[in-house]
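S.K.: here is my input; please provide its structure:
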Amino acid sequence: MTTAFPFSAIVGQDDMKRAMILTAIDPKLGGVLVFGDRGTGKSTAVRALAALLPEITAVKGCPVNSEHPKEVPDWAGIETKETVSRATPVVDLPLGVTEDRVTGALDIERALTRGEKAFQPGLLAQANRGYLYIDEVNLLEDHIVDLLLDVAQSGENVVEREGLSIRHPARFVLVGSGNPEEGELRPQLLDRFGLSVEVRSPDDIEERIEVIKRRDAFETNPRNFLRRFRPKDKEIRDRILQARENLAGIETKKPVLKDCAQLCVTLGADGLRGELTLLRAGRALAAYQGDTALSRDHLRAVAPIALSHRLRRDPLDEAGSATRVARTVDEVLG
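M.R.: All right, here's what the predicted structure looks like:
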């Protein structure tokens, strides 16, 4: 088993780390889209966060990682009630993947050898209660991306083909990464991701040196490196778990809801996903920081990652989307 790089050891990339933490607190945020240069730690951050989170309890042999025996799907054919602990799943979705591989399909081998009609679970089943990671999401076929976003939002995978009618839970955090130079996502798909982050290679020489030092130390002596950052990772894990408990109790007053709506109207964001995501992300941040109520400070902090990818292109404004969001936040929130 490959050892994951410690989450707390990632140098810089604060927006990306914040987005990952917020989705760990509230998976209903709708996933994270990370665009940026190659080699900026996108996949490292996903695996590091999943490794940082506590192990999940799952029924032994269950293909969808069911927590309790009564939740195991009938088609799985599992009668054991034994549960085991396993790491939070991180499933990679390869480019060129077929829809059958993603959703699951008829088990051809069993059909031919035994004459039985059985379901062979796909990647969505494996990712349940974990993370589904798509590298180069902008190169993935649009109909596959549509499918993934629909399932991520509903939390259920439905397969009805070849005489099969199967449903199973598919609750996962969708993380997509890509390089903008290799193609962009359609605006309709961009809007479906909850949070969006743009990462760049650091310009600061000292920061680049620290990245090299830490990566080299990790590869030279992983055990010592993990021991060094274990306390910081534990602190982040404890704060995430506490935030999950506190999330439902975060107070949200009408003036803050008005701020959410005003920000999205001023930015010209279509639909209401912007407001809802801004609200959820702000609450998750408040819970993570140990606050009891959602405030303008929380909205200021999460607005760039919740709204930047929802803006219409303005040919008369050469400023980037993050700059336009920051400017509007100053205008609306003061």
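S.K.: what's the first helix or strand after the helix-or-strand element of the chain with minimal mean pLDDT?
M.R.: Comparing every helix and strand of the chain by mean pLDDT, DSSP states H and E singles out helix 108-113 as the least confident one, with a mean of 61. Taking DSSP states H and E as the definition, the helix or strand that follows helix 108-113 towards the C-terminus is strand 119-121.
S.K.: contact partners of that next one?
M.R.: By CB atoms under 8 Å, 6 or more residues apart in numbering, the residues outside strand 119-121 that reach it are 63, 64, 75, 104, 105, 106, 107, 108, 159, 164, 166, 168. From N, CA and C alone the C-beta is placed, and that goes for glycine too.
S.K.: widest-spaced pair of those?
M.R.: Distances among these were taken as CB to CB; the most separated pair is 64 and 108, at 20.5 Å.
S.K.: please say which of the two ends up with more neighbours.
M.R.: More crowded of residue 64 and residue 108, by other CB atoms under 10 Å: residue 64, with 23 against 12.
S.K.: could you report the separation of the more buried one from residue 88?
M.R.: Per CB to CB, to the nearest Å, residue 64 is found 14 Å from residue 88.
S.K.: for the stretch 1-150 of the chain, what spans make up the strands?
M.R.: For the stretch 1-150 of the chain, applying DSSP state E, counting those that start in this stretch gives strands covering 32-36, 56-59, 83-86, 90-92, 104-106, 119-121, 130-135.
S.K.: now those strands in TSV, with mean pLDDT, mean neighbour count and distance to residue 287?
M.R.: Conversion of those to TSV gives the following (pLDDT from 0 to 100; neighbours: other CB atoms under 10 Å; distance: least, CB to CB, whole Å):
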stretch	mean pLDDT	mean neighbour count	distance to residue 287
strand 32-36	84	25	18
strand 56-59	88	18	21
strand 83-86	89	13	25
strand 90-92	86	18	24
strand 104-106	77	21	35
strand 119-121	80	21	33
strand 130-135	86	23	20
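S.K.: show me where pLDDT drops low in the stretch 201-334 of the chain?
M.R.: Applying pLDDT under 70 to the stretch 201-334 of the chain flags residues 312-320.
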